[in-house]
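Novice: Generate a structure from the sequence data that follows.
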Amino acid sequence: MNDTSDLPVSVRDSLTAAFDDARDAVRRGDTETALERLASASRTVEHKVPPGPVFERLQHGIDAAERTAADEPVVASEYLRLLAELLEPSDDD
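Specialist: Predicted structure coming up:
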């Protein structure tokens, strides 16, 4: 899979909600909630996204956001914004 538009809408919606919730939490300084939402997103990726470039990009972003959530919340917030943006349907959809 090379494009997130190939993902079922329910998977994209679930991941987008998790990334948005995690971003809100990290911006509030609520690292625990942010990490819980990222763990949920990671499970969704593991179970619902087939191996390939999309899987790798999503997992890389999740891992980076997890690493930076506590000590670099601005960086984590940007990773989460980009992850949600990655899931937005393109104009071609």
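Novice: report the longest helix in the chain, please.
Specialist: For the chain, the helix with the greatest residue count under DSSP state H is helix 9-28.
Novice: And it, what does it pack against?
Specialist: Applying 3 or more CB pairs under 8 Å, 6 or more residues apart in numbering; DSSP states H and E, one finds that helix 9-28 makes contact with helix 31-48, helix 53-68, helix 73-86. C-beta: built from backbone N, CA, C; applies to glycine.
Novice: Among these, which comes closest to F19?
Specialist: helix 73-86 (4.3 Å; CB to CB).
Novice: so the closest one versus helix 9-28, what angle?
Specialist: Using axes from the mean of the first three to the mean of the last three CA atoms, to 10 degrees, the direction of helix 73-86 lies 160 degrees away from that of helix 9-28.
Novice: Quick one: closest of the helices and strands packed on helix 9-28 to D3.
Specialist: helix 53-68 (6.9 Å).
Novice: Mind listing what's buried along that closest one?
Specialist: Along helix 53-68, these residues count as buried under the neighbour rule (16 or more other CB atoms under 10 Å): 54, 57-58, 61-62, 64-66, 68.
Novice: Now do that helix: distance to the chain's middle.
Specialist: With CA atoms, centre = their mean, to the nearest Å as the basis, helix 53-68 stands 7 Å off its chain's centre.
Novice: Give me the mean pLDDT for it.
Specialist: Averaged over helix 53-68, pLDDT sits at 96.
Novice: Show me what that helix packs onto, helices and strands only.
Specialist: helix 9-28, helix 31-48, helix 73-86.
Novice: again, 7 Å this time
Specialist: helix 31-48, helix 73-86 (3 or more CB pairs under 7 Å, 6 or more residues apart in numbering; DSSP states H and E).
Novice: Now mean pLDDT too, for those, in a markdown table please.
Specialist: What follows is the helices and strands packed on helix 53-68, written out as a markdown table (pLDDT from 0 to 100):
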| stretch | mean pLDDT |
| --- | --- |
| helix 31-48 | 98 |
| helix 73-86 | 96 |
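Novice: Indicate which one of those helices is closest to A22.
Specialist: Of all the helices and strands packed on helix 53-68, helix 31-48 comes closest under CB to CB, at 3.9 Å.
Novice: and the closest one, which residues are buried?
Specialist: 31, 33-35, 37-38, 40-42, 44-45.
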